[in-house]
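Chemist: Quick one: sequence and predicted model below, then my questions.
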Amino acid sequence: MISGKITLLEGDITQQQVDAIVNAANTSLLGGGGVDGAIHLAAGPELLVECRRLKGCKTGDAKITKGYNLPADWVIHTVGPVWHDGKYGEDEQLASCYRRCLAIAEQYEIRSIAFPAISTGVYGFPMERAAKIAVKQVMTFLFLENHSSLEAVMFVCFNRQTYDCYRSALKEILSNE
Ligand code: AR6
């Protein structure tokens, strides 16, 4: 626990006991590798059936489904940007993913949500930069805006290096307050 409502942990997002987990999907929403593959595998085939009905999702946007066999009730699927060189609006698109997920969580009166490090795997977004964006968007949503339902946000880091990046990003933002 770092700051009341925000938790940082190293682990597998599919195993988290939260109301909603976030999936780092692609625009088809029809599954893939990485965290997307792991979520579909753990949720079972009904997730894909529901995803098909959503007709895809734009980069920077998010859509919600049920969690099926996952411990989480909901999956919020978002599509992060593919990293080029940072001059194609990647930062803003990534920030938009976090904001859209949080807005949907609020809409569904979700109390706890877990995020993976969106775009930092196959999509190649630099981890340090992505962690700063993630932390800033979540902190802004939780502490600077007036929202009611969300009580806990978890950043689920798949390895130690990711965990360290998030820890530094949180420390930096807290020391600037
Ligand atoms: N729990 C938590 N984090 C995970 C897990 C897990 N089980 N598995 C991987 N990660 P990626 P992207 C981390 O590639 O970069 C898919 O094929 C991983 O270490 O899953 O947004 C989609 O269908 C990394 O830090 O997502 C898209 O086509 C982070 O999750 C594309 O990949 C994101 O890595 C999306 O690429």
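Modeler: Noted; the coordinates are in hand.
Chemist: does Pro36 really touch Ala25, like I thought?
Modeler: Just so we're on the same page, residue 36 is Asp rather than Pro. Yes. Using CB atoms under 8 Å, Asp36 makes contact with Ala25 at a distance of 5.2 Å. Bear in mind the C-beta positions are built from the backbone N, C-alpha and C, glycine included.
Chemist: and those two? which has more neighbours close in?
Modeler: Using other CB atoms under 10 Å as the criterion, Asp36 and Ala25 rank with Ala25 on top: 28 against 20.
Chemist: what about the helices in the protein?
Modeler: For the chain, helices defined by DSSP state H occupy the ranges 34-43, 46-53, 90-107, 127-139, 160-175.
Chemist: Can you pull up the most central residue in the protein?
Modeler: In the chain, the C-alpha nearest the mean C-alpha coordinate belongs to Phe115, at 3.2 Å (CA atoms, centre = their mean).
Chemist: Not counting sequence-adjacent ones, nearest residue to that one?
Modeler: Val22 (4.7 Å; CB to CB, 6 or more residues apart in numbering).
Chemist: so what's that neighbour bridging to?
Modeler: Here Val22 sits in beta bridges with Ile76, going by DSSP bridges.
Chemist: Noted, bye for now.
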